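**Q** Give the three-dimensional model of this entry:
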Amino acid sequence: MEIEKIVIVGGGTAGWMSASTLLHHFPDKEIVLVESPNTPSIGVGESTVAGGQSGFNGITDWLRSMDIVDSDWMSHCDAIHKLSIAFKDWYRKDSGTFHFPFGEPVSGDPHLWYLKKIFYPDTPSTDFAETFYPGMACINQNKSLHCDRESELVRSTAGWSYQFDATKFANWLKDHYCKDKYSDRFLHIQAEVLGIPDNEDGIKYLILDNGLKQNGDLFIDCTGFKSLLLSGTFGVDFVSLEDFIPNNYAWATKIPYRDPESQIVNYTNCTAIDNGWVWEIPLWSRMGAGYVFSDKFVSKGHALCEFKAELQKKGYEDVEELDYHLIPMRCGIQSKLWVKNACAIGLSAGFIEPLQSNGLQSIYQFLFTLVRTLGRDHISEWDRREFTAKCKSDFYAQAHIVALSYVLSHRDDTEYWRDIQNRDYPEDIFSGGTDIAKHFSTSFMERNWGFRHTGSRLNCMSTGMNWNPIYSVDASIWNSDQEEVENFKQQTEDRTRKWNEEVKDFPSPYQYLKENIHNDTTDGEGQ
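**A** Residues are numbered from 1 along each chain as shown. Here you go, the predicted model:
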């Protein structure tokens, strides 16, 4: 299978990120994108993650690979920087907030922190992240990491990603990247696909409503949950995640700012409520919000009432005047991601759920694998199967992290949360028949998720959920005397104070963005 011409079916973020990636990395290939002019985009706001977690690439890695810098695109896409994901009331109802910060931790022995928790039971769950992640100083004081102030350590170790309007981002890639830079070998066709004839070699061509037939060597399915190519043409089986990911719908809305300087914070806020969880994603000009839930436990109408009540509880006004969009979610992954001359990127390939901001992560993670695969020029059945295997491995690794947020919760205040507490998780849902109990045991977490090291942010998740793994297999930790723990406590508290002092004069995210990124746009108020 020689590939000279690639046809992307579908626009949106997946389609335009695919087109941009292929145009940038393959200067000898012709790229065509066929996009329906009648498919609307919700554009509620997209939250992304940083790289480095469990070997994943982050949005900053993708942007860097594309030679795209902040000043190129952020002002066009309502973008702000993001340092963390905040989880509120996930452990128990009214249990408070803990953070899942980005970046690298400073050196230190996590065992001593767990012993500190034993000797000082009142140590708050938030203390682990604040002990090992200097970026928490910016998060707690709502300070921008991106400024020209002196910083000995915080800026050198803290990581970041972005929050932005996904529709505007797709449009920027279309107009300012694909069409501006690669007009000589890029074709954008706005048309409906009426038919997809195929034969033993795969898709022959697309029949478009403009009367044309579009041929290609490789067709990339970016048609969202419809999956016109993999599901519609080749009948690929879809593997659901419903056995351990509980949600299948989301209500979403856009909220005007009252006071953008205080409301623009450098993290995504995720609040667990009666039948799911509510996201708040601050962008430059407005807030994106949504409620992720399961219609097995609450009707769509009652879920909307719960969502509005939570927004009012958070202090948002005029919630009845907002526009709300219901988004059905197909949570799972295709059993095959490359069939004959077609592969899938984005929602047509798979989706976990919005928690942990993994939607875009799957897109660029799969694109990195696609670039590597296409680099071989000639595509064999081995390459197709290896593409599927690698993408599924990355997908399920992300699903592990999302599932951890539910598995470690002790909420039991509604039927929804009690069901999560008592689920009989399937043995083979993660990897080849391995007992799921092993995946959530201390020993598994030590070996496979890096819980023995501060280098894994998953320690922040576990401690936030009051699950403090003490490594009983390593009896030497019990030989630590109280003096050693006291020294650890004093040293780490001193450096935390130093980090907080270091950033106290940094500008707020709003101040930095207004002066350096959005200086040619109007304030966020009321937009």
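
**Q** does Glu242 count as helix, strand or coil?
**A** coil (DSSP: H, G, I helix; E, B strand; the rest coil).

**Q** mind listing what it touches?
**A** By Cβ atoms under 8 Å, 6 or more residues apart in numbering, Glu242 lies in contact with 248, 331-332. For the C-beta atoms, the positions are set from N, CA and C on the backbone; glycine is no exception.

**Q** wait, what's in contact with Glu310?
**A** 271, 273, 278, 291.

**Q** at 6 Å what do you get?
**A** 273, 278 (Cβ atoms under 6 Å, 6 or more residues apart in numbering).

**Q** again, but for Lys88
**A** Lys88 neighbours (Cβ under 6 Å, 6+ apart): 97, 271.

**Q** Next up, phi/psi of it, please.
**A** With angles defined as degrees, to the nearest 10, Lys88 shows backbone torsions of phi -110, psi 130.

**Q** how close does it get to Asp148?
**A** 33 Å (Cβ to Cβ, to the nearest Å).

**Q** swap in Thr223?
**A** Separation of Thr223 from Asp148 (Cβ to Cβ): 45 Å.

**Q** Which one of these two is surrounded by more residues?
**A** Each of Thr223 and Asp148 has its neighbours counted (other Cβ atoms under 10 Å); Thr223 has more, 28 against 9.

**Q** Find the nearest non-adjacent residue to the more buried one, please.
**A** Sequence neighbours aside, Gly10 is the residue nearest to Thr223 in space, at 4.1 Å (criterion: Cβ to Cβ, 6 or more residues apart in numbering).

**Q** The one you found is in contact with Ile220, isn't it?
**A** No: with contact defined as Cβ atoms under 6 Å, Gly10 does not reach Ile220; the gap is 8.3 Å.

**Q** Strands - which of the contacts of Glu242 land there?
**A** Applying DSSP state E to those, the entries found in strands are Gly332.

**Q** Tell me the one of the contacts of Glu242 nearest Gly103?
**A** Cys331 (28.9 Å; Cβ to Cβ).

**Q** just checking, the closest one touches Asp243?
**A** No: using Cβ under 6 Å, Cys331 is not in contact with Asp243; the gap is 10.2 Å.

**Q** quick one: which of the two has more around it?
**A** Counted by other Cβ under 10 Å, Cys331 and Asp243 do not tie: Cys331 has more neighbours, with 18 against 13.

**Q** Run through the residues that contact that one.
**A** By Cβ under 6 Å, 6+ apart, Cys331 lies in contact with 241, 245, 351, 353.

**Q** so which two of those residues are the farthest from each other?
**A** For the contacts of Cys331, and using Cβ to Cβ, no pair is farther apart than Ile245 and Phe351, which are 9.6 Å apart.

**Q** Can you pull out the low-pLDDT segments for the protein?
**A** Applying pLDDT under 70 to the chain flags residues 42-45, 52-56, 150, 152, 425-457, 469-480, 521-527.

**Q** the domain parsing of it - what is it?
**A** The chain breaks down into these domains under automatic domain parsing: 83-160+403-503, 249-328.

**Q** a markdown table for these, including distance to Leu370?
**A** A markdown table is the format used below for the domains of the chain (distance: least, Cβ to Cβ, whole Å):
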| stretch | distance to Leu370 |
| --- | --- |
| domain 83-160+403-503 | 23 |
| domain 249-328 | 26 |
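
**Q** In space, what's closest to the most centrally placed residue in the chain - neighbours in sequence excluded?
**A** The centroid of the chain falls nearest to Ser357 when counting by Cα atoms, centre = their mean (2.1 Å). Among residues not flanking Ser357 along the chain, Ser47 sits closest, at 4.1 Å (Cβ to Cβ, 6+ apart).

**Q** With Pro197 instead?
**A** Lys204 (4.6 Å).
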